[in-house]
Every structure is written in structure tokens, then in C-alpha cells.
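In: all I have is the shape, not the residue letters:
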């Protein structure tokens, strides 16, 4: 079956993206899997990287780029938000704290769903709120698994360090203490799309006096469970 579109450069770029769908690849591996000439693969990979359709992991291998994640997230936003409603309500009830779902949009993270704590002192983040990618546990989760270039760029002027993000990757969840706002603590975990890329972050947030200086010890397990539920829900709707 001929899969050619008649536009050679598009067909070759599609071959390269198809190869990366199976996971990170070196330049030599891309040449082998696509059958294209090495200079062609190198030129296409750099051009796609310029538009963030291809990126690099911390080992320098080529990976699918963050722009694809943003586009896929936008296409699947309704499914993700629909699944988020009951999950966030359950998370709020289990922890007693406000729960949110964040997606990255450029240099911001946007609250796309939330379940507020009904009474008492709380951290209120309405749907549609844009917050910085430079502070907070959700920002840590959305950045920690990015390709190396985006990771380094995201760390510029950030209130967290490379060591903090390494800990996020190791544990699978993040916490913050007063990073975004004095007196506020939070715990977040990543939601992954069908390809395994991080597409969102589930969070709880509230006053540090209630969440303590080790909020992850109290709530990391239940927040991570909520993120896994959303990851499974997105995978099912994409099947």
C-alpha cells in the first residue's frame, strides 16, 4: 500500500515521527528505522526540533517533541476534563484540600478543572487561571520529563532546581512549600497520554499549617492514584 502523499518532505518527516513513536532514538537508529540518508534525517530532525515537534531527552536522543503533546492534549482536552471531574472530587474528599488539574500552555500552566474545598481556609484556583511554570509542584511535574533543551530553558529563573526535578522523576510526584505563594503548600503528580508523555498534572493545595512542611508524606499516594486514574481514562478514550 502506497502511503505517499506526493509531498516528499512531508512524507519523510512523517517517517521520522513514526519512528520516534516507539521511543527515544539516536541519529543512527533513526537512519536505520526510516531508511533515509543520514544527512536527510539530521536536517529533518533539526527542522522539526525548531518547531518543537521533535526534542531531545537528557541522554541526547531524539524524542517526540512537546508541541505534539500540546496538540494532542488540546485534541483530547474534552475527554480529559470529563474524566477529571469525579477524580478531582474524590481527591478533594480524600484529602480535605482543594484539587486541580493543570495543563501546560507555552510558558504558563492553566487550571482546566478544579474541585474547591467547600469551607474553611483554602487555596482557591478557579478554572482558567494561568500560573507560572517557574514555581509550584504542578510546574515541577509538567517540566520534569521534558526534553533536555526545554528542561534547561524551564529552569531559568525557576524557584526549583535540577536536583528537585531529579527527585520528582525518581519519586513520580512533586511537592512545594511556599514556591508560588507564601504559606501555601501543594502536592502534584503527572498525568500521561497514550504515548507515555506527560500531558497534565493533578494537584492538591492548601495552607502549609494544615499540609505541614512534608505534604508529600501525607498525600503523595492519593494524589498519585488520582493521576493514574486519569492516565488510564485518557488511554481508554484514545483506544
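Out: Received it, and whenever you're ready, just let me know what you need. The structure presented is a predicted model; accordingly, all values stated were derived computationally and were not measured.
In: would you point out which residue is most central in this protein?
Out: residue 198 (3.2 Å; C-alpha atoms, centre = their mean).
In: can you pull out the low-pLDDT segments for this protein?
Out: Along the chain, segments meeting pLDDT under 70 span 1-3, 69-70, 72-78, 237-239.
In: please redo it, this time with the cut-off set to 50
Out: 1 (pLDDT under 50).
In: determine the set of other helices and strands touching the longest helix belonging to it.
Out: In the chain, assigned by DSSP state H, the helix with the most residues is helix 215-238. Counting contacts by 3 or more C-beta pairs under 8 Å, 6 or more residues apart in numbering; DSSP states H and E, helix 215-238 is packed against helix 77-95, strand 174-177, strand 184-192, strand 198-207, helix 208-211. From N, CA and C alone the C-beta is placed, and that goes for glycine too.
In: can you name the next helix or strand after the first one?
Out: Stepping forward along the backbone from helix 77-95, the first helix or strand reached (DSSP states H and E) is strand 98-105.
In: and that following strand with helix 77-95, angle?
Out: Here strand 98-105 points in a direction 150 degrees away from that of helix 77-95 (axes from the mean of the first three to the mean of the last three C-alpha atoms, to 10 degrees).
In: could I get the buried residue list for strand 98-105?
Out: Neighbour-count burial for strand 98-105 flags 98, 99, 100, 101, 102, 103, 104 (criterion: 16 or more other C-beta atoms under 10 Å).
In: same question, stretch 107-127
Out: So stretch 107-127, judged by 16+ other C-beta under 10 Å, has buried residues 109, 110, 111, 112, 113, 114, 115, 116, 117, 122, 123, 125.
In: what is the first one paired to in the beta sheet?
Out: Think residue 109. Beta-bridge partners recorded for residue 109 (DSSP bridges): residue 104, residue 131.
In: would you check how far apart residue 102 and residue 146 are?
Out: From residue 102 over to residue 146 the distance is 15 Å, taken as C-beta to C-beta, to the nearest Å.
In: other residues contacting stretch 44-56?
Out: Stretch 44-56 has contacts (C-beta atoms under 8 Å, 6 or more residues apart in numbering) with 9, 12-13, 16-17, 20, 27, 30, 36, 62-68, 146-150.
In: how far out from the middle of the chain is stretch 188-204?
Out: Its chain's C-alpha centre and that of stretch 188-204 lie 5 Å apart, by C-alpha atoms, centre = their mean, to the nearest Å.
In: could you do stretch 101-120 as well?
Out: 13 Å.
In: before we move on, what about stretch 10-22?
Out: Per C-alpha atoms, centre = their mean, the centroid offset for stretch 10-22 relative to its chain is 22 Å.
In: got it, and stretch 51-61?
Out: That offset, for stretch 51-61, works out to 15 Å (C-alpha atoms, centre = their mean).
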